[in-house]
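# Okay, sequence plus prediction incoming.
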Amino acid sequence: MQNRISLPALIVLAIIAIALPLIPYQLHVSTYVVQMFMQAVTYAIAVLGMVVVLGYTGQINLAQAAFFGLGAYGVALGTVGGGINFWISLMLGVGAATVAGLALGLTTLRLGGHYLAMITISFQQIFDLILVNWVEFTRGPDGIAGIGRPSLFGWELADDKAYLVLCTAVLYALVFAVWYLPSTRLGRAMRSVRENELAAEVVGVHTLRTKVIAFALSALLGAIGGALYAGGFAYISPDNFNFARSIEFLTATLLGGAQSPFGGVIGTVLIVQLPEWLKHLPESLRFIKDVYLAVYGIGVILIMVFLYEGIWGLVKNLRAKYFTTPQITTDTRGVQPLVLDVQGDGSRPLLRLENLQKHFGGLKAVDGIDIDVQRGTVHALIGPNGSGKTTSLNVVSGIYRPTGGKVVLDGEDVSMLKPHQRAGRGVGRTFQNIRLFASLSALENVMVGAQRDNNPIPKGDKALRDRAMSALQFVGMADRAHVIVRNLPYGHQRLVEIARVLAGHPKLLLLDEPAAGLNQTEKMEFVELLKRLRGHGLTIFLIDHDMGLVEKVSDRITVLNFGRKIAEGAPAEVLRNPDVIAAYLGTAGEANAAA
Amino acid sequence: MRRLAGIAAAALAAAWIVCAHAEDTVKIGLVNEATGPNAEAGVYTHNGAKLALAEINAAGGVLGKKLELKLEDNQSTNPGTVLAFSKLFGEGGIVAIIGPIRSTQIQAASPTVAKAGIPTMIGGTDPSLTKVNNRWVFRARPNDSYSSRVIADFGVNTLKKQKWAIIHSTDAFGSGGMNALTTALKDLGVTPVLVQGYTNNSQDFTPVVLAIKKSGADVIGSYMTNSPDVGIFAKQLRQLGVTAEWVGSPSVVTDTAMKLAGPALHGVYGIADFTPDATPESKAYAKKYRDTYKLDPDVYSSWAYDALRVLALAINTAKSTDPEAIRKAIVSIKGWKGVEGNYNFDENGDGLRGYNVVKNEAGKVSFIKHIDFKD
Amino acid sequence: MEFITENLQILFTGLGLGSIYALVALGFVLIIRATNVVNFAQGDFAMLGGYAMVLFFTGLGWPYWIAFIGALLAMAVFGVLFNYGVYYPLRHRSFLPVLISTLGASIFLQNTVLYVAGPQPKPLDKLLNFDGITLGGVFLDSQYIVILVATVALVFFTFLFFEKTLLGKKLQATSQDKDMARLLGIPVALMIAITFIYSAVLGGIAGVLVGPILFVSIGMGSIIALKAFAATIIGGFGDVKGAIVGGLLLGVIESLAAQHISVPYKDAYAFLALFLFLLFRPQGIFGEKVSEKA
């Protein structure tokens, strides 16, 4: 995230940040204000967790209050019940929450969206039931009173103000960490999952692991917030950690802006403050006070419709509009040429499909095909609509598992590997309908491609960045590196998608109708690009409908019809094969009849 | 970030605005549920307190000054209650506070009250609230140890039943009541044949009713929190042919529960700390309340009415607004006739030691007897 | 003998509750199929239906059937509003904004009704004017009988509507492939609006039917909806048969477990069953393998 903040702004920000928790020391403020601060600060930490899981990774979590509660109960039961040191209790609670988050994530994140919403609600409900009913352990609905506060380096934090300074310091540290996260390897992986999970997986991101880590991080942050909350208020009971509180965290996150920790903090402050402000309404508007939860509800819908990135998104967009000129071109001096050379045993085919089958129920989309793709060649797969081309490609890249037969890559059977594992072995692909990470910059998109497992480049962010710039340079997009890809024209998006694959140093490049939607000039340029790639020794396996293009670039063509191979050979001979011509004409006729 | 600073400034401003009042009144805070799921009860509490306020001020106020109520919403939540208390304490000049009626909210705010050292009248009935080393909490209602003793005493001594089934919600109120009732029965030499909990908002009580049937209980003692649960349970109880007597906590004789359950609750005994036709005082109060608000009075209003009058009495007796003096005056109140009963404050701060037993007679609540304990 | 009657009694109420879950789950599934979105306000449809009935029948004193029809008409209108207010503006977005939007709608509906109607739950009359019948020591509540019969009838009706009418077929086409349906000249937006209407009416019927037993209250829909959603997953996500079987199964499981294991954890069993299914059979009873849908 290019949150470049100017130096004066940074100084002002730092002064405000330091001054805020010290206000109670300098001015006479009531306990009330201190406690309000305390509530906002501890809630905000939990909301940071929501920023990670919802804002960055795009996964819903409706049990944040339960994780918050695990942290709080860790501290409460540890200090009051077990007589354990505050910090150790905090670790126990946070540890328990993280483990719960991991377990929950591992069991459900492979199923995705709706399930996750449901499971987190269930977890929240069960957590609630246990808190209330397992009286021997949790002390039941009465809750736990007399929770102590810690000392730090011999410094007693029993005083409200000192404790608030501690909590605020923790919040700042975590805001910084969460703010920094998106520009790390893990952060980019999270955002790529949010933007397009399938593409992320195919490009080499271990999406399940990324989601589970995000979920566990969210649980961890929630628990830290809860642990500090317990110390701050000295009394907790189950009704602090119910579903309504989870909704409150969610609303705060959305209101402030899920994609930034600053948004999360703003949202939390507003949610904590809102009821207070409503009290000062004039008499004629007092009814709003009675319906403010209803207003929350409407607010959530309106945010979804009009303000998807929340208040922080609004602020950022306004700033971008009026105060900064967006950086359109990037300085490309010093970008190294892309290294693509592929080593390997030249004697055997790079990709071999052996009696490959893929059935959907009764439909035999791919019905026993054998194809050898020789190293360093361009191999095209053609056939009429519904002949099984895209299905074959999906089986090769791992999106589908074959019903029967084998996919052998460079002598290794990869049939049962996940897409990201295949990407880690040098399989790269593009999609017919471009699948980029729309709200990331071109550079970030390509960096995600570069960070696949086993990519033979040096470690570290700089190497990733250099590799990505080289790849962008290769396709002629280096000067647009910092443009958000959503704002690029279609043809350029295609190029970025290819750069993303190239950055991952692929042995085998799978292209799914790469020329679809390009105009004639762009197609010509694309043919040149393919030839350059082949010149670098890359093996390319592609699908396309444009016979002219296929004939120009291919060394070998395989033709499919009804999931079976009907012809194979050099372009000139295959395209004159009567079976092939019949297949194309025949299906055209059937297609007309069906419509 | 500038926004954040602005928000912080506004928060502080909001807190300071209220500090600028002149000191010409004696201020008593009222922390109640003005918003959130229990907002309706909060309105009644306010009603009761307002009625007392008008009376007190009409009779000359306290210490020659007018009494003033300062309302603070607790949003029906625990953290909200803590905030509300600390806000009132922070404003300064608050002499005493009338707290909420829910036990966990008071528990949450108890440390704040102890730190501030300002007398606080509460309506929560969890017995432990006045016994947690907090000298500043006083209760204007009888606590649950008495409700359970009244239920046990009435069932064992008046109805002459020995085979008890205790049905309770597993929330704070229900489990607290269940424990107290078990103890109270034990003191009368009775061990219940069944103790069965359920979670609030159960949709089906068939397993509970079958367990009662199996246990052969001839009387049911209940601590149920929500009216729909009372309604569903009552209906299924009668449908499955259980004819045992039933003596329940106040929730079985609320207006809502009786409307929901209809005939299924007829003949059921309940206890109530406030019954309109129990004493001359409660009759007078009920009339006044009906005249003022065109509503039937209930416990949410009556305790607050008593609480404010007790505070005014104590301040006048102490001739001071010093917290220690007020505390001393409160604990020396003996035999004072409130609308909830006769107040005899003890050192813990508990004012009442008894309940009314009432009966649902074909949809009308009628007063049966008042049971008071000495200790 | 006592053991048998006891368990039959439990089984009966379990089935009764289960068919309420099934009805709400059916509404869920129709919307999932049409829009690929889980509607978190589905339970509140039942709540609104119940309150509409209370308003017309208890409040305005209309005859039972007129009030019933009035409530269903009100729900149909509400379905239109819901479609255009909550779903339509977000129809081109991913599922997450829509899901959160329905969550917002749920909070809004509950609190608005709370403000208008107050927190006191309302009683509602039974459809039949007798309490129930006792059969071999087992008490059969007349309203549960009505619910069971109505559920069977509605499932049958839904089946006929979708399989045998042109409108139903258009709805099916829309839910299978919106682009294709558009190409065939089916007004997709209208079809989705109709789905919301139908789903709202189904929810309303569930609310009116369950009102006499669980009473009409603000939160009545929430817990039912959670169970109903669990039922859709257990039955097979997005599968109509699955919703019905899942709902009935869940009702029976939790009643039996409450009887034989522990009452206070009753709500946990449904979720526990859900967890187990997700672990060992995530595609549910009737679903296709989830992992195939990459």
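Yep, it's here.

# For residue B:370, which three-state class applies?
strand (DSSP: H, G, I helix; E, B strand; the rest coil).

# Spatially nearest residue to it, not counting backbone neighbours?
Nearest residue to residue B:370, sequence neighbours excluded (Cβ to Cβ, 6 or more residues apart in numbering or on different chains): residue B:356, at 5.1 Å. For glycine as for every other residue, the C-beta is placed from the backbone atoms N, C-alpha and C.

# Give me the local confidence score for the one you found.
The model reports residue B:356 with a pLDDT of 91.

# Doesn't it lie inside a helix?
No - the assignment for residue B:356, made by three-state DSSP, is strand rather than a helix.

# so how many other residues sit close to the residue of the stretch 151-300 of chain B found nearest chain C?
Nearest residue of the stretch 151-300 of chain B to chain C, counting by Cβ to the nearest Cβ: residue B:207, 4.1 Å away. For residue B:207, the count of nearby residues is 25 (other Cβ atoms under 10 Å in any protein chain shown).

# Kindly provide the distance from it to chain A.
From residue B:207 across to chain A, the span is 15 Å (Cβ to the nearest Cβ, to the nearest Å).

# Give me the buried stretch members for the one helix or strand that residue maps to, please.
Using DSSP states H and E, residue B:207 sits within helix B:206-215. Across helix B:206-215, burial judged by 16 or more other Cβ atoms under 10 Å in any protein chain shown covers B:206-213, B:215.

# export it as CSV, just CAs?
Extracted in CSV, the C-alpha atoms of helix B:206-215 (Å, rounded to 0.1, in the frame of the first residue of the first chain):
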residue,chain,number,x,y,z
THR,B,206,-40.9,-31.1,26.4
PRO,B,207,-37.8,-32.7,27.9
VAL,B,208,-38.2,-30.5,31.0
VAL,B,209,-41.8,-31.3,31.4
LEU,B,210,-41.2,-35.0,31.0
ALA,B,211,-38.5,-34.8,33.6
ILE,B,212,-40.9,-33.2,36.0
LYS,B,213,-43.5,-35.9,35.3
LYS,B,214,-41.0,-38.6,35.9
SER,B,215,-39.8,-37.1,39.2
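
# Could you pull up the contacting residues of the residue nearest to residue B:370?
By Cβ atoms under 8 Å, 6 or more residues apart in numbering or on different chains, the contact set of residue B:356 is B:271-275, B:278, B:341, B:367-371.

# Using PyMOL, define a selection of the buried residues within the residues you listed.
Of the contacts of residue B:356, the buried ones can be selected in PyMOL as follows, counting by 16+ other Cβ under 10 Å:
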select buried, chain B and resi 271+272+273+274+275+278+341+367+368+371
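
# Does chain A have contacts with the host helix or strand of residue C:49?
Assigned by DSSP H and E, residue C:49 belongs to helix C:42-53. No - Helix C:42-53 stays clear of chain A (Cβ under 8 Å from any Cβ of the partner chain), getting no nearer than 10.3 Å.

# do stretch B:131-145 as well
Yes - legend: contact between stretch B:131-145 and chain A by Cβ under 8 Å from any Cβ is shown at residue B:132.

# For stretch A:537-546, buried residues please.
A:538-544.

# and of those, the nearest to chain C?
Nearest member of these to chain C, counting by Cβ to the nearest Cβ, is residue A:543, at 17.5 Å.

# and the closest one, what does it touch?
A:380-382, A:389-390, A:393, A:432, A:511-513.

# Tell me how far it lies from residue A:79.
In this structure, residue A:543 and residue A:79 are 63 Å apart, going by Cβ to Cβ, to the nearest Å.

# Same question for residue C:170.
Residue C:170 is 63 Å from residue A:79, by Cβ to Cβ.

# Look at those two and report which has more neighbours.
residue A:79 (24 against 20).

# Report the contact partners of that one.
Per Cβ under 8 Å, 6+ apart, neighbours of residue A:79: A:85-86, A:89, A:147-148.

# Which one (most neighbours) among those?
residue A:89 (28 neighbours).

# does it really touch residue A:78, like I thought?
Yes - if you go by Cβ atoms under 8 Å, residue A:89 and residue A:78 touch, sitting 2.5 Å apart.

# confidence score at residue C:159?
87.

# check contacts around the closest residue to it other than its chain neighbours.
Distances taken as Cβ to Cβ, 6+ apart place residue C:240 nearest to residue C:159, at 7.8 Å, with adjacent residues excluded. Neighbouring residues of residue C:240 by Cβ under 8 Å, 6+ apart: C:26, C:29-30, C:158-159.

# what do you get for residue B:104?
Residue B:104 neighbours (Cβ under 8 Å, 6+ apart): A:141-143, A:237, A:239, B:78, B:172.

# hang on, the earlier thing: quick one, which of the contacts of residue C:240 are buried?
Neighbour-count burial within the contacts of residue C:240 applies to C:26, C:29-30, C:158; the criterion is 16+ other Cβ under 10 Å.

# Now do the contacts for residue B:332.
By Cβ under 8 Å, 6+ apart, the contact list for residue B:332 reads B:317, B:345.

# repeat that with 10 Å
Contact analysis of residue B:332 by Cβ atoms under 10 Å, 6 or more residues apart in numbering or on different chains lists B:314, B:317-318, B:345.

# Of the residues you listed, which is the most crowded?
residue B:314 (24 neighbours).

# Make a markdown table out of the buried residues of stretch A:537-546 and add pLDDT and secondary structure.
Output for the buried residues of stretch A:537-546, formatted as a markdown table (pLDDT from 0 to 100; DSSP: H, G, I helix; E, B strand; the rest coil):
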| residue | pLDDT | secondary structure |
| --- | --- | --- |
| A:538 | 88 | coil |
| A:539 | 91 | strand |
| A:540 | 92 | strand |
| A:541 | 92 | strand |
| A:542 | 91 | strand |
| A:543 | 91 | strand |
| A:544 | 86 | coil |
